[in-house]
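Chemist: structure here, sequence nowhere to be found:
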């Protein structure tokens, strides 16, 4: 299927990338911001810390923005379905920002009690970003024209975007686990290692999504 | 590569000689005292000795500390508003250390008392005066408020209260209640009452009150009081004054003004005194804190009739020195015994022992968890990986330069007073240099700034090795880097992805090898094989496949590993675990793919920098006249934002790769940190 203007699907993709990822980042940053407002009311000196934590769930929106710019300005000649898929994948995976917002809110709460836990809370809060990174990764692979299989040039490309995008929603679950693990680590600093193991579990599904996306792009389909 | 080896030191010391020993150990900071109190509850030990109490002089020290803290509070309250400013933060003043040496607590206490006496001699007078003035000020302010309501009356207020025959009281009544009050008072006193009303005043926005003065016979004071209370009468408390309300109002205002000037003078005086004495008092405070720690150290020792038993941990390399200190301080009246750790591993304190160039990175290890005593110290292995990954993820020469400068300020300036800033500054400086290196490699100078604004495409010149977003002189469709199983690595993103995966596999391989060694040292060969060995073989099989191009090797290895995982699961807990075990392979795959974030974050920095440049250019071209200005603002804000966001992101993602993927192969952590018995000296030196 070829449209009159090949950039048509690309433009929709760019819109979805910025739109959905922005939605995720907005909600995530909102959740962290609410926690931040509470913390700052208690201790105005924590304003900087609150800003840093609130910055974390905003990266998904930036990835969406980045992919939109790449579609519209740089990889204009990529296959049209690949452009749409890149946008959808990055956008949906960007919803992981909701999970990251939950984790960051918990991290900020823990840091408000004890400054020493800043680094650990930071590491936990960044876990749910992996999903968005996989989305960005697939988008770039789709756009740079590494693969020329039917998995990229036909409507099949959408499958790759949807796989990495929806699997990226596992970031919400991961954020909830990470929030719990931050609470555990705040009580017992030794719990960090085990907490990390638990918090990484939900990432398995994001990896499944990434794998299927790569298989589709390689054209390995039955 | 392991934490410092520890020894336990046990010393029995004659009573009279304990104090100098504790003093000198505290100065040296080489040992961690072992708290004997728990051990002494054991009946066998209890028959030999009792837990010792804190030292006697602790009480004197505590009371002096309170005095000194109070002085410091006073000083800080009078010298408010003298903030250090940004330059002060960036270039903090290291306090000059005052050299003091005392040999006993009596000497210290009497010295502190002497200094305190002279400080208090100068300070207490103005401080007392200040408190008095503040007191007087509050009284006057209340009086002023009360009198204000009565300004309409022309009455000498000295008549208020109980006279020889009369009782006069002033207060506020709300407008609705006034007529009722009048009639009820009339009734209660049988007419012997006089109520004078003033003009309504606004107490707050909603409430209008009427000031009244009620005069009655002395005998009726009680009934009048009762009636007044019932009606919600607000009594104005005015006593011991003379003159009409307006006279008094003016007088109080005058007095308040004079108090103001007097307070100011005293504050200036106190401020000068605080400047003169603060340093001295801080010294006292520190000396007392140190003394307090020493007094409390006694409670960790055991006591017999004439001796004390001290137990302490010390790193092996300091044992000789500690022994000498104890023997010389006690003038020989001590028996010292050194032994290998006699406690379970979890209780042995852990001191990381790295070269000076690696030491700041201990911060990153400890953020996860310090190693157990018998575990490997991963700091040395974190350092190269952390720096390389950081550099790849940020990849911009200009950002790298900025980071290096920021790191240097933290390290060399703020690091003088804060060890946290020192460590972080050191790490950031090296990370910045790594970023510059990778930035040059990938031709990133504020993204594609040179191309957008100067029209220079660095990727056609041969100065940049890889173009993260496309082709470069060295890697292009015409000149693919290499071909792997039908996929050409013929552009920047693919080259970086290949690099990421290869770096990931090497990183995991290192972790697995270390883990294998550890497992072999601590357990059976079978465990070592199932935990690490088979993954190492899998990696080797993948490498063999790539080299020979024979897919059978990797395929066979994958099937074998899945089978082994299932067997391992079955051994741990039956059929269900066996099925779960089959999933382990995805975990391994996930670990490898996780390193693909190197590519994604590398592109995110470059891509967003490019987006900033594109937007600035669009704005600059679209808006007439001031377009250039807007473009410059856009560039400055956009790049600062991108630098901070991605600088932070690269830091945590680099850490994550170590904590989750790398540590997962061999490191557990959870040791107890060595916390030396050490005098914290900031203002003094011994």
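Modeler: Done, it's in. Everything quoted here is computed from the prediction, not taken from an experiment.
Chemist: elements contacting the helix of greatest length in chain A?
Modeler: Longest helix in chain A, counting residues (DSSP state H): helix A:7-42. Applying 3 or more CB pairs under 8 Å, 6 or more residues apart in numbering or on different chains; DSSP states H and E, we find helix A:7-42 packed against helix A:47-55, helix A:59-69, helix A:80-93, helix A:96-113. The C-beta positions use only the backbone N, C-alpha and C, and glycine is treated the same way.
Chemist: can stretch B:550-569 be said to contact chain A?
Modeler: No: Stretch B:550-569 lies apart from chain A when judged by CB under 8 Å from any CB of the partner chain; the minimum separation is 12.9 Å.
Chemist: can you give me the mean pLDDT across that stretch?
Modeler: Averaging pLDDT along stretch B:550-569 gives 86.
Chemist: same check on stretch B:390-400?
Modeler: 95.
Chemist: cool, and stretch B:653-668?
Modeler: On average, the pLDDT along stretch B:653-668 is 91.
Chemist: now stretch B:242-259: buried residues?
Modeler: Of the residues in stretch B:242-259, B:244-245, B:248-249, B:251-252, B:259 count as buried by neighbour count, 16 or more other CB atoms under 10 Å in any protein chain shown.
Chemist: so of those residues, which ones are in helices?
Modeler: Among the buried residues of stretch B:242-259, DSSP H puts B:245, B:248-249, B:251-252, B:259 in helices.
Chemist: which one of those residues is nearest residue B:9?
Modeler: residue B:259 (62.9 Å; CB to CB).
Chemist: what residues of the longest helix of chain A count as buried?
Modeler: Buried-residue list, helix A:7-42, by 16+ other CB under 10 Å: A:7, A:9-18, A:20-29, A:31-33, A:35-36, A:39-40.
Chemist: one step back: need the winner for burial among the helices and strands packed on helix A:7-42.
Modeler: helix A:80-93 (a mean of 31; mean count of other CB atoms under 10 Å in any protein chain shown).
Chemist: can you name every helix or strand that that one contacts?
Modeler: The contact analysis (3+ CB pairs under 8 Å, 6+ apart) places helix A:80-93 against helix A:7-42, helix A:59-69, helix A:130-144, helix A:150-153, helix A:156-167.
Chemist: name the helices or strands packed onto the third one?
Modeler: So that's helix A:130-144. helix A:59-69, helix A:80-93, helix A:96-113, helix A:156-167, helix A:170-187, helix A:203-218, helix B:492-522, helix B:597-622.
Chemist: need these in TSV (columns: distance to residue B:102 and mean pLDDT).
Modeler: Putting these into TSV (distance: least, CB to CB, whole Å; pLDDT from 0 to 100) gives the following:
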stretch	distance to residue B:102	mean pLDDT
helix A:59-69	56	94
helix A:80-93	66	94
helix A:96-113	39	95
helix A:156-167	68	94
helix A:170-187	42	95
helix A:203-218	59	87
helix B:492-522	49	92
helix B:597-622	56	89
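Chemist: residue A:47 is nearest to which of those helices?
Modeler: helix A:96-113 (11.3 Å).
Chemist: tell me what the very next helix or strand once past that closest one is packed against?
Modeler: Next along the chain after helix A:96-113, taking DSSP states H and E as the criterion, comes helix A:118-126. Contact analysis of helix A:118-126 by 3+ CB pairs under 8 Å, 6+ apart lists helix A:47-55, helix A:96-113, helix A:170-187, helix A:192-200, helix B:362-368, helix B:627-656 as its packing neighbours.
Chemist: can you list the residues that contact helix A:118-126?
Modeler: Helix A:118-126 is contacted by residues A:49, A:52-53, A:56, A:100, A:103-104, A:106-108, A:110-111, A:178-179, A:181-182, A:185-186, A:189, A:192, A:195-196, A:199, B:367-368, B:649, B:652-653, B:655-656, B:659 when judged by CB atoms under 8 Å, 6 or more residues apart in numbering or on different chains.
Chemist: contact partners of stretch B:603-614?
Modeler: With CB under 8 Å, 6+ apart, stretch B:603-614 has contacts from A:59, A:62-63, A:65-66, A:69-70, A:73-74, A:136, A:140, B:393-396, B:399, B:442, B:444, B:446-449, B:452-453, B:468-469, B:493, B:496, B:634-635, B:638-639, B:642, B:645-646, B:649-650.
Chemist: restricted to buried residues, select those in PyMOL.
Modeler: Entered in PyMOL, the line below selects the buried ones among the contacts of stretch B:603-614, by 16+ other CB under 10 Å:
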select buried, (chain A and resi 59+62+63+65+66+69+70+74+136+140) or (chain B and resi 393+394+395+396+399+442+444+446+447+448+449+452+468+469+493+496+634+635+638+639+642+645+646+649+650)
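Chemist: nearest spatial neighbour of the residue nearest the centre of chain A, skipping sequence neighbours?
Modeler: Nearest residue to the geometric centre of chain A (CA atoms, centre = their mean): residue A:132, 2.3 Å. Once flanking residues are discounted, residue A:132 sits nearest to residue A:60: 4.5 Å by CB to CB, 6 or more residues apart in numbering or on different chains.
Chemist: which ones are touching that neighbour?
Modeler: Per CB under 8 Å, 6+ apart, neighbours of residue A:60: A:21, A:24-25, A:28, A:93-97, A:100, A:129, A:132.
Chemist: which of the helices and strands packed on helix A:7-42 sits closest to residue B:348?
Modeler: Of all the helices and strands packed on helix A:7-42, helix A:96-113 sits nearest to residue B:348, with 29.0 Å by CB to CB.
Chemist: now do the contacts for the residue lying closest to residue A:72 once chain neighbours are set aside.
Modeler: Sequence neighbours aside, residue A:14 is the residue nearest to residue A:72 in space, at 5.3 Å (criterion: CB to CB, 6+ apart). Taking CB under 8 Å, 6+ apart, we find residue A:14 in contact with A:67-68, A:71-72, A:83, A:87.
Chemist: OK, contacts around residue B:249?
Modeler: Residues near residue B:249 by CB under 8 Å, 6+ apart: B:144, B:147-148, B:151.
Chemist: my bad, should have said residue B:393
Modeler: By CB under 8 Å, 6+ apart, residue B:393 lies in contact with B:597-598, B:601-602, B:605, B:646, B:649-650, B:653-654.
Chemist: next, the buried residues of the helix or strand harbouring it.
Modeler: Residue B:393 belongs to helix B:379-394 when assigned by DSSP H and E. The neighbour-count check on helix B:379-394 (16+ other CB under 10 Å) flags B:379, B:381-383, B:385-394 as buried.
Chemist: repeat that for stretch B:105-115.
Modeler: B:105, B:108-109, B:112, B:115.
Chemist: distance of the closest residue to residue A:88 other than its chain neighbours from residue A:217?
Modeler: Spatial nearest neighbour of residue A:88, excluding adjacent residues (CB to CB, 6+ apart): residue A:161 at 4.1 Å. Noted for residue A:161: a distance of 10 Å to residue A:217, by CB to CB, to the nearest Å.
Chemist: of those two, which one has the most company?
Modeler: The neighbour comparison of residue A:161 against residue A:217 (other CB atoms under 10 Å in any protein chain shown) goes to residue A:161, with 31 against 23.
Chemist: hmm, that one is touching residue A:138, no?
Modeler: Yes: contact criterion CB atoms under 8 Å: residue A:161 and residue A:138 qualify, at 7.0 Å.
Chemist: and the closest residue to chain A within the stretch 51-200 of chain B, helix, strand or coil?
Modeler: Of all residues in the stretch 51-200 of chain B, the one sitting closest to chain A is residue B:89 (13.1 Å; CB to the nearest CB). Three-state assignment for residue B:89 (DSSP: H, G, I helix; E, B strand; the rest coil): helix.
Chemist: brilliant, that's me finished.
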